[in-house]
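*Asks:* Return a 3D structure for these sequence lines:
(one chain, ligands or ions: 2)
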Amino acid sequence: MEVKNICCIGAGYVGGPTMAVIAQKCPHINVTVVDINEKRIAAWNDKDLSKLPVYEPGLDKVVEEARGRNLFFSTAVDEAIDKADMIFISVNTPTKTYGKGKGMAADLKYIELCARQIARVSKSDKIVVEKSTLPVRTASAIKSILDNTGNGSDVKFQILSNPEFLAEGTAVEDLLAPDRVLVGGDTSTEEGKEAMEALVSVYANWVSRDHILTTNVWSSELSKLTANAFLAQRVSSINALSELCEKTGADVNEVARAIGMDSRIGPKFLKSSVGFGGSCFQKDILNLVYIAKTYGLNEVADYWEQVITMNDHQKRRFAHNIISTLFNTVSGKKIAFLGWAFKKDTNDTRESAAIYVADELLSEQSNVAVYDPKVSEEQIYADVDYLNTRSSEENREGITVYEDAYEACKDAHAIAILTEWDEFKTYDWKKLYDQMQKPAFLFDGRGLLNIEELEEIGFVCYKIGSGKE
Ligand SMILES: NC(=O)c1ccc[n+]([C@@H]2O[C@H](COP(=O)([O-])OP(=O)(O)OC[C@H]3O[C@@H](n4cnc5c(N)ncnc54)[C@H](O)[C@@H]3O)[C@@H](O)[C@H]2O)c1
Ligand SMILES: O=c1ccn([C@@H]2O[C@H](COP(=O)(O)OP(=O)(O)O[C@H]3O[C@H](CO)[C@@H](O)[C@H](O)[C@H]3O)[C@@H](O)[C@H]2O)c(=O)[nH]1
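*Replies:* Ligands and ions are numbered 1, 2, ... in the order given. Below is the predicted model:
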């Protein structure tokens, strides 16, 4: 079967970039991305490409090429479902904040709403693709909804799992040249195999077939959670050792380099930091832990939960180190944050370590001054308000957001690097130093800067994982 019309429900960080690349690479397929969020869709349609709701290097060019040709953004969800022969579900699957599984399980209400809407609207056969990250065995729930809540006609649905492995900040690069594309489906029936081949042929327009893996649905669903658990585990492992390095005089970057050259370990994902953030790692590990627990696999659950415990410790430890270094009080002191996003080259702040470090410092009555090249003031306040530690007014009193890094750092007692934005390396650090209170402290939570040069200027520096000799 040849796919002619694709609909993607959810125009977020995954749906937007993924569909833009499919549309760019497959001019013969019409791709419509729909969302209930009107503001988001309006931003995707904005003539000014700097206003796209997702900032990703290179994304503006891809959207510019395909939008209006075979890529469309719309709020007309029913219409797009009706027209499509393949529907991607790319809605959010956050951690549940209520009821059974609160704080651990994935909240599947948006997924279920999509399945019910697809069932209600569809008048012809559809291939439904799980693009969102889902607990293993969700496909059976989707299938049951699609098969049992339809409009009574004999419409047939095939469910595929096609998890997305893109990382933010490199989304376009990752989509254009993925390490692999994973397609899970019903390998036991002809219809299942046909549906898998239909999706494989979409990707085969630009990805070589030996990079497209096909598996059964459950393996595909579980592989996504497993990949994130392994990646996050590497970060927590190196972060655990960063603390030991600080005590012993070892340097975590040297240790990472030494072990990374072992081809069995490999060099990637060994950068010690203030803690991993992002919308996926924590949510997906908690989900994995929850699933293990529901099967009574308590040792498995405890094993993976430690990855989160370590990450929470790393964020807290960074904040506490600032407080203790500044003579055990930051009350009334200005602490400048360079960076708020959870990593460079994205405007996404979900679960960013900066939020938690700021929260600890605010509880110590510090004045936090934030500069981030891509994150809005509104977003920064929303992030701290979400923690519910104090009132929104108090958060606004405690945090000031700057559009200029030099202004943010002026008269500060300390600078903390929370995101590894490249531009921070190019700053005139002597100028920043001259404008600060003395002693001028610098806490590099990303191992970004040349500490020797900064110490030469006069800064008192702390670099994560760097021990005193
Ligand atoms: N962000 C990433 O880098 C990334 C990478 C791989 C996988 N994922 C997974 O992809 C999924 C989506 O993540 P995201 O970051 O794009 O989320 P997001 O919050 O940026 O986008 C989800 C969008 O879905 C829309 N939506 C929700 N319910 C809807 C409905 N019933 N009808 C129409 N629109 C609806 C929301 O309005 C929102 O705009 C999640 O499961 C996530 O775990 C994310
Ligand atoms: O060596 C490292 C690598 C990453 N990080 C941090 O880990 C977090 C996550 O980074 P990254 O994985 O690069 O970004 P995400 O966009 O969260 O991507 C992850 O989560 C996505 C959502 O599921 C997956 O698709 C990707 O494959 C997976 O890498 C960020 O805070 C990074 O700063 C480190 O501290 N040290």
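
*Asks:* What helix or strand is the residue of the chain found nearest ligand 1 located in?
*Replies:* Closest approach of the chain to ligand 1 (CB to the nearest ligand atom) occurs at Gly12, with a separation of 1.9 Å. C-betas here are computed from N, CA, C, even on glycine. Gly12 belongs to no helix or strand when elements are defined using DSSP states H and E.

*Asks:* same question, Phe337
*Replies:* Using DSSP H and E, Phe337 falls in strand 334-338.

*Asks:* List the pairing partners of that strand within its sheet, with orientation.
*Replies:* strand 367-371 (parallel), strand 414-417 (parallel) (DSSP bridges).

*Asks:* Just checking, which helix or strand succeeds that strand along the chain?
*Replies:* Strand 334-338 is succeeded, C-terminally, by helix 353-363 (DSSP H and E).

*Asks:* Next, the angle strand 334-338 makes with that following helix.
*Replies:* 180 degrees (axes from the mean of the first three to the mean of the last three CA atoms, to 10 degrees).

*Asks:* which residues touch the worst-scoring helix or strand of the chain on mean pLDDT?
*Replies:* Among the helices and strands of the chain, helix 138-148 carries the lowest confidence by mean pLDDT, DSSP states H and E, at a mean of 92. Defining contact as CB atoms under 8 Å, 6 or more residues apart in numbering, one finds that helix 138-148 is touched by 89, 108, 111-112, 115-116, 118-119, 128, 130, 157, 159, 161, 184, 217-218, 221.

*Asks:* Highest mean neighbour count out of the strands paired with strand 334-338?
*Replies:* Greatest average neighbour count among the strands paired with strand 334-338 goes to strand 414-417 (a mean of 27), per mean count of other CB atoms under 10 Å.

*Asks:* Would you check the distance separating that strand from the middle of the chain?
*Replies:* Mean-position distance between strand 414-417 and its chain equals 24 Å (CA atoms, centre = their mean, to the nearest Å).

*Asks:* what's the answer for stretch 184-202, then?
*Replies:* Distance, stretch centre to chain centre, for stretch 184-202: 29 Å (CA atoms, centre = their mean).

*Asks:* in it, what counts as buried?
*Replies:* Neighbour-count burial for stretch 184-202 flags Gly184, Gly185, Asp186, Gly192, Ala195, Met196, Ala198, Leu199, Val200, Val202 (criterion: 16 or more other CB atoms under 10 Å).

*Asks:* Repeat that for stretch 63-80.
*Replies:* Neighbour-count burial for stretch 63-80, counted by 16+ other CB under 10 Å, picks out Val63, Ala66, Arg67, Asn70, Leu71, Phe72, Phe73, Ser74, Val77, Ala80.

*Asks:* Run through who's touching that stretch.
*Replies:* 7, 9, 11, 19-20, 23-24, 26-36, 38, 41, 44-45, 49, 52, 117, 121.

*Asks:* Now do it: distance to the chain's middle.
*Replies:* Put simply, stretch 63-80 sits 24 Å off its chain's centre (CA atoms, centre = their mean).

*Asks:* likewise stretch 165-173?
*Replies:* For stretch 165-173, the distance from its own C-alpha centre to the chain's C-alpha centre is 10 Å (CA atoms, centre = their mean).

*Asks:* how about the residues of the chain that lie near ligand 2?
*Replies:* Residues of the chain that fall close to ligand 2, judged by CB under 6 Å from any ligand atom: 133, 164-168, 228, 231, 235, 269-271, 273, 276-278, 280-281, 342-343.

*Asks:* So which elements touch the lengthiest helix in the chain?
*Replies:* Under DSSP state H, the helix in the chain containing the largest number of residues is helix 217-248. Packing partners of helix 217-248 (3 or more CB pairs under 8 Å, 6 or more residues apart in numbering; DSSP states H and E): helix 138-148, strand 157-161, strand 181-185, helix 252-260, helix 281-294, helix 298-325.

*Asks:* in the helix or strand following the second one, what's buried?
*Replies:* As assigned by DSSP H and E, the chain's next helix or strand after strand 157-161 is helix 171-176. By neighbour count, with 16+ other CB under 10 Å as the criterion, the buried positions of helix 171-176 are Ala171, Val172, Asp174, Leu175.

*Asks:* Setting the sequence-adjacent residues aside, check what's closest to the third one.
*Replies:* Leaving aside its sequence neighbours, Asp174 sits nearest to Leu166 (CB to CB, 6 or more residues apart in numbering; 4.1 Å).

*Asks:* Next, the one you found: phi, psi?
*Replies:* With angles defined as degrees, to the nearest 10, Leu166 sits at phi -60, psi 150.

*Asks:* how far away is it from Pro57?
*Replies:* According to CB to CB, to the nearest Å, Leu166 stands 12 Å off from Pro57.

*Asks:* ok, the two, which is more surrounded?
*Replies:* Leu166 (18 against 14; other CB atoms under 10 Å).

*Asks:* so that one sits right up against Ala177, yeah?
*Replies:* No. Between Leu166 and Ala177 there is no contact under CB atoms under 8 Å: 10.9 Å.

*Asks:* May I see the strands paired with strand 334-338 organised as a markdown table, with distance to Asn253 and mean pLDDT added?
*Replies:* Formatted as a markdown table, the strands paired with strand 334-338 follow (distance: least, CB to CB, whole Å; pLDDT from 0 to 100):
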| stretch | distance to Asn253 | mean pLDDT |
| --- | --- | --- |
| strand 367-371 | 25 | 98 |
| strand 414-417 | 15 | 98 |
